[in-house]
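Peer 1: I would like to see how this sequence folds:
(one chain, ligands or ions: 1)
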Amino acid sequence: MAVPPEIQARMDELRREIRRHEYLYYVRDDPEISDYEFDQLMRELQQLEAHHPAAVTSDSPTRRVGGQPADGFETHAHHVPMLSLDNAYSLAEVREFDARLRRLLPATDFTYAVELKFDGLSMSLMYRDGLLERAVTRGDGSRGEVVTANIRTVRSIPLRLEARSTNTAAEQPAGAAATDSLVVRGEILMPLDSFAALNRQRKETGEAPFANPRNAAAGTVRTLDPRIVASRKLTFYAYSLLTGDRMPFPTHAEGLRWLSQHGFKISPFFRVCRDIAAIEAFIHEVAERRDALPVEIDGVVIKINETALQRRAGATSKSPRWALAYKYPARQATTRVRDIVVQVGRTGALTPVAELEAVSLSGSTIQRATLHNEDEVRRLDVRVGDWVLIEKGGDVIPKVVKVLHQRRDEELPVFEMPDACPVCGGRIYRPEGEAVSRCVSADCPARLKGSIRHFAQRRAMDIEGLGEALVSQLVDQGMVRHLPDIYRLAEEELAALERMGEKSARNLLAEIESSKSRPLHRLVFGLGIRYVGERTARLLAEHFASMAAVMAADREELLAVSEIGEVIADSVTVFFQEPSNREMIHQLAAAGLNMTAAATAPAAATTDDPFRDKTFVLTGTLRGLTREEAKALIESRGGRVTSAVSGKTDYVVAGADPGSKLDKARQLGVAVLDEDAFRRLAGGI
Ligand code: IVH
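Peer 2: Numbers count the residues shown, from 1 in each chain. Next up is the predicted model:
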C-alpha cells in the first residue's frame, strides 16, 4: 500500500526531530524539550509506522534503544542490553498493560513489584570477586561509556560488596559462582539540595546553571575530572541485580532486599501488589509524598515480581514486556511567549512575568511564568515571540528554565524593563548591586497597603489599631487611595466598617490625631525610604532639623552627614525627586503633621557621655526596660545599637535568657553588661 505523501513527509520530519532531540539529550546533555514531549514524538512515529509498515526504515529511531556514546571515554559492551521501559501516562494504560500480561501468561498467578522511577541516568556496575570493577553508562543500550573513576567517587556505591546485615547466609544469589561476577543496575542522581547548592555556586562564578538535577548529574558523570565529580555529591539507587544474564532470586523483591543488605540504596517506597487497585493506591501515595523526597522522580515502575515469569514474558528489542513506567504528569513543557509584562509587588519590587500560550503542566493549565528580575531576563535573553522551556518545581509559580534560541526564526526586539512604574508611573530605581528594581513612590497603589502598615507601626508613627486587617479594608473599599487619606477619615465611615463600631472608630481617630505630633525622625522612618532605618532616620532628622531641609538636600549634602554613605544618599535623593512622594509630604504637612525636629531634639549628648559613639548589642529580656526603650536611651545619648556582635561591638547588654549573642561576645572578648551594670553606666537610671 502506497504511503500518502503527507504521511511520508510527517514521518521524515518526526525522525529528523527525534534524532536531533536524542543527540541533544544523550550526547550534549542539553535537551530542548521535556521527556514527555519527546515520548509523544516517538509515539506518533511508532503509530504511523505501525499503520504503514512499508515505510519503516532500518535507521528509524524506533529501531534502536538510545543515543550514541560521546567522545572522551572508552566504551564497553553490555553483556545484557540495557533496555528502556514502555511509558504509561494514565491508569487506563496501566490497565491495558495488565490485561496484555494476563493474556500473555494465562492461568498464572503473579504479583507486581512497584517502586519509584528515578529521574537520573542509568548506570551498570560490574563487580568481580566482590569488588567494583567497572561502571558503564547506558549509552545506546548495547554499548556504553566506561566512567569507573567518576563513579567510584559516589559514596552510596559500595566499592566492595559486604553483607551489611547478619542472617543473610541463606540469601546468597543462586549458583555457586554467582557472586564472582555480578551486575548491579540503577540510577545515578544528584540530590535536590546538592543541585541547588551547585547552581548557586555556578551563578556566583558566572557559569550557566544546570536546567535540572538530571542534566547536572549527566554532565557531572561525564566530566573528565573525578575530583569535580567527587565535589558534586551524586547518589545512586539500585533497581536490578544480574548474575550472568539472570536475575538470581525468584522474585524482584528478594533481589532488592539482597541489594539493600549489601549496602545499596533502593527505592524508599516499594510494594508488592496483587492487582490494579493496589498499584493505583501506591501511585497516589507516592504522588503525595513526592515533594518530600531528596531526589527527583518522574513516576513509578511496575514490574512482574516473579523472575521466571519475567523471562517467559520476554522483551521486544526496545523494552521488556514485563515492566511499565507510569509517568506523573510532566513538570516541564515548551510553549511560546506571548508577552512580557511587569508586575509590581507589595514592596514595590518589579517582577517581569512571561505571558505564555496556554500549555498543560503537572495537570494544570499554565499561562504565566516568572522571569524573576532584569538580570534573569538578560541571562535568558528572552523576548516576546520566543519558544521557552518552562518547569514547575517545588514552587507554585512555574519558571522559565531556558529559551530555545534555535527556534527563534526572526529578529525579535530585545526586552527592556520599563523606566516608569507600570502601576503608578512613578520612578523606577535599582540600587547598585541589587538585582531588583523598585517603584520608589510610597504612594503607588501596588505598595499602598504595605506603605501604610510601615507608616503606622509602633516604631514609626505608632497608630495603634491601624493593623493589617483594617488597612486592607480601608484600601479595598477605596476609603484610602493615598497614604495622607488616613488623616481624612471620618468617624461615621469608620464606624460602619466590619468589626469596628463607634468606640473603636473614635479611639482610632484619636490615635491618628496624636500621631501628628510624632518626632520628625519617626516620620522620616515611616516614609519607607529604602535603606533608611530608624537610626538613619534619626541622623537625617538631627542633621537637617526639618522635612523641608531633608527633601531639599542634594547628594553631596547627604554624604556630609556622618554614617551616610552613597547607597543611602542615592536612595534618599531618588525618593525625594519622585513627584508623588513630594506631593504626599505636602499633603501630610497640610494635614498638620509635625515636620520639624525642634520639639523633639534628643537630650543633647555630651562629649564625655560614656554612651557617645559606642556600639551596643542587646540580647535577652531586661526587667525594667523594653528593648525599644533601651535602644532609644542608647541612641539619645549618642550611642548606636546593632543586631550582630562583632569586633566593633563595645558592649553587649545581656538580660534574662540571653541568646547566642552572649556566647559570641565572650568569644570575642566584648564587654558584657547585665541590667544593673547598664543602668549604672547610664548614670543610675
Ligand atoms: S528497570 C529492563 N527500574 O528508566 C528494565 N528503571 O525508561 C530496565 N529507571 O533507563 C529498567 N527508575 O534508567 C527500572 N526503578 C526503576 C527505574 C528505572 C528509573 C530508568 C532507567 C531506564 C529508564 C527506562
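
Peer 1: just the strands in the stretch 101-250 of the chain please.
Peer 2: Secondary structure of the stretch 101-250 of the chain by DSSP state E, counting those that start in this stretch: the strands cover 112-118, 121-128, 131-137, 143-145, 181-189, 235-242.

Peer 1: now the stretch 351-500 of the chain
Peer 2: Remark: strands assigned in the stretch 351-500 of the chain by DSSP E, counting those that start in this stretch are 364-370, 387-391, 399-403, 428-429, 438-439.

Peer 1: Deepest in the core, which of those is it.
Peer 2: strand 438-439 (a mean of 26; mean count of other Cβ atoms under 10 Å). To be clear about C-beta, it is placed using only N, CA and C from the backbone, and glycine gets the same treatment.

Peer 1: Need the contact partners of that strand.
Peer 2: Defining contact as Cβ atoms under 8 Å, 6 or more residues apart in numbering, one finds that strand 438-439 is touched by 344, 347-350, 421, 423-424, 426-430, 446-447, 530.

Peer 1: ok, 10 Å please
Peer 2: 344-345, 347-350, 418, 420-431, 444-447, 530, 571, 574, 578, 580 (Cβ atoms under 10 Å, 6 or more residues apart in numbering).

Peer 1: Give the rounded mean pLDDT of it.
Peer 2: Strand 438-439 carries an average pLDDT of 94.

Peer 1: Tell me how many other residues crowd Leu125.
Peer 2: 22 (other Cβ atoms under 10 Å).

Peer 1: What are the neighbouring residues in contact with it?
Peer 2: The contact partners of Leu125, by Cβ under 10 Å, 6+ apart, come to 132-136, 148, 151, 154, 157-158, 182-186, 236, 238, 264.

Peer 1: And stretch 245-257, what's buried?
Peer 2: Neighbour-count burial for stretch 245-257 flags Met247, Pro248, Phe249, Thr251, His252, Ala253, Glu254, Gly255, Leu256, Arg257 (criterion: 16 or more other Cβ atoms under 10 Å).

Peer 1: So which of those sits lowest on pLDDT?
Peer 2: Among these, Met247 has the lowest pLDDT, at 81.

Peer 1: For it, what are phi and psi?
Peer 2: The phi/psi pair for Met247 (degrees, to the nearest 10) reads phi -90, psi 120.

Peer 1: show me what contacts it?
Peer 2: Applying Cβ under 10 Å, 6+ apart, the residues contacting Met247 are Pro173, Ala174, Ser240, Leu241, Glu254, Gly255, Glu306, Thr307, Ala308, Gln310, Arg311.

Peer 1: so of those, which ones are in helices?
Peer 2: Glu254, Gly255, Thr307, Ala308, Gln310, Arg311 (DSSP state H).

Peer 1: Turn those residues into a markdown table, columns for distance to the ligand.
Peer 2: Listed next are the ones in helices among the contacts of Met247 as a markdown table, based on distance: Cβ to the nearest ligand atom, whole Å:
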| residue | distance to the ligand |
| --- | --- |
| Glu254 | 16 |
| Gly255 | 11 |
| Thr307 | 12 |
| Ala308 | 16 |
| Gln310 | 9 |
| Arg311 | 12 |
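
Peer 1: Now for these: which two are most distant?
Peer 2: Farthest-apart pair in the ones in helices among the contacts of Met247 is Glu254 and Arg311; separation 15.5 Å (Cβ to Cβ).

Peer 1: Just send the strands of the stretch 101-250 of the chain back as CSV, with mean pLDDT and distance to the ligand too.
Peer 2: Converted to CSV, the strands of the stretch 101-250 of the chain look like this (pLDDT from 0 to 100; distance: least, Cβ to the nearest ligand atom, whole Å):
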stretch, mean pLDDT, distance to the ligand
strand 112-118, 98, 4
strand 121-128, 96, 3
strand 131-137, 94, 10
strand 143-145, 93, 11
strand 181-189, 96, 5
strand 235-242, 95, 4
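
Peer 1: Out of the ones in helices among the contacts of Met247, the closest to Leu91 would be?
Peer 2: Nearest to Leu91 among the ones in helices among the contacts of Met247, counting by Cβ to Cβ, is Gln310 at 22.6 Å.

Peer 1: For that closest one, give me its contacts.
Peer 2: Residues near Gln310 by Cβ under 10 Å, 6+ apart: Phe110, Ala113, Met247, Thr251, His252, Lys303, Ile304, Pro320, Arg321, Trp322, Ala323.

Peer 1: which residues sit in contact with the first one?
Peer 2: By Cβ under 10 Å, 6+ apart, the contact list for Phe110 reads 101-102, 251, 274, 304-306, 308-310, 312-313, 322.

Peer 1: same check, this time on Phe576
Peer 2: Applying Cβ under 10 Å, 6+ apart, we find Phe576 in contact with Val440, Leu527, Ile529, Met547, Val550, Met551, Ala552, Ala553, Asp554, Leu558, Arg582, Ile585.

Peer 1: repeat that with 7 Å
Peer 2: Met551, Arg582 (Cβ atoms under 7 Å, 6 or more residues apart in numbering).

Peer 1: what about Ala107, how many neighbours?
Peer 2: By other Cβ under 10 Å, the residues close to Ala107 number 5.

Peer 1: And for the one 10 residues further on?
Peer 2: Counted by other Cβ under 10 Å, the residues lying close to Lys117 total 21.

Peer 1: In contact with it, which residues?
Peer 2: Lys117 is in contact with Ile297, Asp298, Gly299, Val300, Val301, Ala325, counting by Cβ under 7 Å, 6+ apart.

Peer 1: same question, Val184
Peer 2: Val184 is in contact with Leu125, Tyr127, Ala238, Leu241, Leu259, Phe264, counting by Cβ under 7 Å, 6+ apart.

Peer 1: Excluding chain neighbours, give the residue nearest to the second one in space.
Peer 2: What that stands for is Tyr127. The shortest distance from Tyr127 to any residue other than its chain neighbours is 4.6 Å, reached at Leu182 (Cβ to Cβ, 6 or more residues apart in numbering).

Peer 1: roughly how far apart are the closest residue to Pro422 other than its chain neighbours and the ligand?
Peer 2: The shortest distance from Pro422 to any non-neighbouring residue, by Cβ to Cβ, 6+ apart, is to Val342 (5.1 Å). Distance check for Val342 against the ligand: by Cβ to the nearest ligand atom, to the nearest Å, it reads 41 Å.

Peer 1: what angle sits between the helix or strand containing Val342 and strand 399-403?
Peer 2: Assessed by DSSP states H and E, Val342 sits inside strand 332-344. Between the axes of strand 332-344 and strand 399-403, defined by axes from the mean of the first three to the mean of the last three Cα atoms, to 10 degrees, the angle is 110 degrees.
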